[in-house]
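Student: this is a predicted model, with the sequence first.
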There are 2 protein chains.
Amino acid sequence: MKKRTPNLAEQTDGHGYLVHIAYDSVVFGFSGEKLKILVMEYHNTRLFALPGGFVGIHENLNDAVRRGLKERTGLSDIYLEQCYVFGDVKRHKPEILKAILQANGYKPKKDHWLLDRFISVAYYALINYELVTPRPDALSDSCEWYDLDVLPELILDHASIVQKALETLRKNLDEQIVGMNLLPEKFTMKDLQQVYEAILDEPIHRTNFQRKMLGSGLLVRHAKQYSGKAHKAPYLYSFSGKKK
Amino acid sequence: MKKRTPNLAEQTDGHGYLVHIAYDSVVFGFSGEKLKILVMEYHNTRLFALPGGFVGIHENLNDAVRRGLKERTGLSDIYLEQCYVFGDVKRHKPEILKAILQANGYKPKKDHWLLDRFISVAYYALINYELVTPRPDALSDSCEWYDLDVLPELILDHASIVQKALETLRKNLDEQIVGMNLLPEKFTMKDLQQVYEAILDEPIHRTNFQRKMLGSGLLVRHAKQYSGKAHKAPYLYSFSGKKK
DNA sequence: TATTATTGTACCAAATTGAGACAATAATAT
DNA sequence: ATATTATTGTCTCAATTTGGTACAATAATA
């Protein structure tokens, strides 16, 4: 039996969702040697935001985030980490939410729960770019990949959230099997290195990186991949560990 | 002008505080070669809990935590870090809150906001044990230091919160100037080593630790401290960096 | 003056890291 | 075929960091 999730804009209070609590997610993908994140644009507003949402009254916080990611990416087994809670009063900008609702044809009353102050739990997710067709939700025109270095201006404190997510990702880089979640099943050593370079935003010495990765014992080597280019073909690798 | 903070138990709804949102803090102190944390016991209940609280409607989340710590420790400039948000449904145990309120002479109605589900933002704090006289709040008999290895049984998921705080502290140990916050202004190298050993719960090689700490460039050496014992007197040190 | 417990420094070996050399190789050009 | 080109995988060597011991210095006591 599937639980019905309430329609956001029609509600006049937070019934169905916990009031004052939201989440925002920084969904990282990797393609074309660059790190990208998902950004949504609301209907007719030129307002850009991170994919976020609310927590059902009988729903685990983490599950709420997974539900939101499933809706936007179609993926249900996603690598997910909390990174920070943004809880300052000054992030409360009811006029922005109001504009979004109005652009969608709703006339929220002054005490509409969405116009209240929210504390947002920030997450980051790592997903395989190739597996995703981003889908907008009811309030948004689009949900698309943006290069990290050419993000549009984001509403509220979402730029800080991206920054915090990136910092946390970098901090966790050595302990987490990042490549496994951002790359397809099989990949070359160069692919993996480019992921690390994109995240750290600095070049990495090739042979030392190779030594480190092979030495970790996490990689399984497969057949070579012939690209058709005029040079030695690289091996393909996959991760031997279990997906988190 | 000081803002009035509402009286918790008298409220019949969350006016004054954000509903559904709480924080819990793991307050670390160091004394007698051991790591300790503050634990509160509620009146007449034998229920033990971490110092926690709620967020005023017009209050920053971080400020709410600082306010709570100020009330219980008297300190206002405390080293504080978020570590995790506990947001599972199963942490909702209204009967425990009810028991606490009843033991204090309140008869909460069924829909009392404190009996609702809460998401809790966990923090850890590092403070100088010597500067603190723990103070209980209105609902609790005591607020006292407990050795980490002999904690009483804690309510709800507070044991997990302690665990998470400890993990986070360990993870941050190298980047954060932990000693500065847990030790008095001046301390010996042995004091500092004992702090690290208490946090990591494993012995550290003395001379390598000394080399690492002196090499960090963060320590300033002062006069020797004569203990009256029959051996060479150690230097006193202090940290040269700014707090936090 | 010898003894004891600690502390500060020096030193050596092992492990890790940074940087480059070089052979192997998959295509293309000759 | 053979030379050329770009890239990959492996090695090697030096520099740095880390783990561990040796030892002298020293503040009290016996």
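Tutor: All right, it came through fine.
Student: the worst-scoring helix or strand of chain A on mean pLDDT: what's the following helix or strand?
Tutor: Among the helical and strand segments of chain A, the one scoring lowest on mean pLDDT, DSSP states H and E is helix A:178-182, with a mean of 89. Sequence-wise, the next helix or strand downstream of helix A:178-182 (DSSP states H and E) is strand A:187-188.
Student: what element comes up after that next one heading to the C-terminus?
Tutor: helix A:189-200.
Student: quick one: contacts of that next one?
Tutor: A:30, A:33-35, A:148, A:166, A:169-170, A:173, A:178-179, A:182-183, A:203-204, A:206, A:209-210, A:213, A:234-235, A:237 (C-beta atoms under 8 Å, 6 or more residues apart in numbering or on different chains). C-beta: built from backbone N, CA, C; applies to glycine.
Student: how about stretch A:93-108 as PDB, C-alpha atoms only?
Tutor: What follows is stretch A:93-108, C-alpha atoms only, in PDB (Å, rounded to 0.1, in the frame of the first residue of the first chain):
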ATOM      1  CA  LYS A  93      12.300  34.900   2.800                       C
ATOM      2  CA  PRO A  94       8.600  34.400   2.500                       C
ATOM      3  CA  GLU A  95       8.300  36.600  -0.600                       C
ATOM      4  CA  ILE A  96      10.300  34.100  -2.700                       C
ATOM      5  CA  LEU A  97       8.100  31.200  -1.800                       C
ATOM      6  CA  LYS A  98       5.100  33.500  -2.400                       C
ATOM      7  CA  ALA A  99       6.400  34.400  -5.800                       C
ATOM      8  CA  ILE A 100       6.900  30.700  -6.700                       C
ATOM      9  CA  LEU A 101       3.400  29.800  -5.600                       C
ATOM     10  CA  GLN A 102       1.800  32.700  -7.400                       C
ATOM     11  CA  ALA A 103       3.600  32.000 -10.600                       C
ATOM     12  CA  ASN A 104       2.000  28.600 -10.400                       C
ATOM     13  CA  GLY A 105      -1.500  30.100 -10.000                       C
ATOM     14  CA  TYR A 106      -1.900  29.700  -6.300                       C
ATOM     15  CA  LYS A 107      -2.900  32.500  -4.000                       C
ATOM     16  CA  PRO A 108      -1.300  31.500  -0.600                       C
END
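Student: does any bit of that stretch sit next to chain B?
Tutor: No. Figure legend: stretch A:93-108 not in contact with chain B (C-beta under 8 Å from any C-beta of the partner chain); closest approach 13.6 Å.
Student: buried ones in that stretch?
Tutor: A:96, A:97, A:98, A:99, A:100, A:101, A:103, A:104, A:106, A:108 (16 or more other C-beta atoms under 10 Å in any protein chain shown).
Student: please tell me how far the third one sits from DNA strand D.
Tutor: Right, residue A:98. 52 Å (C-beta to the nearest atom of the strand, to the nearest Å).
Student: also the fifth one?
Tutor: Here the distance between residue A:100 and DNA strand D works out to 45 Å (C-beta to the nearest atom of the strand).
Student: so that residue touches residue A:44, yeah?
Tutor: No. Using C-beta atoms under 8 Å, residue A:100 makes no contact with residue A:44, being 9.4 Å away.
Student: got a list of what residue A:94 touches?
Tutor: Per C-beta under 8 Å, 6+ apart, neighbours of residue A:94: A:115, A:116.
Student: where does residue A:238 land in three-state SS?
Tutor: Here residue A:238 is strand, with the state taken from DSSP: H, G, I helix; E, B strand; the rest coil.
Student: show me what contacts it?
Tutor: Contacts of residue A:238 by C-beta under 8 Å, 6+ apart are A:185, A:186, A:187, A:219, A:220, A:222.
Student: excluding chain neighbours, give the residue nearest to the second one in space.
Tutor: Once its chain neighbours are removed from consideration, residue A:186 has its nearest residue in residue A:236; the separation is 4.3 Å (C-beta to C-beta, 6 or more residues apart in numbering or on different chains).
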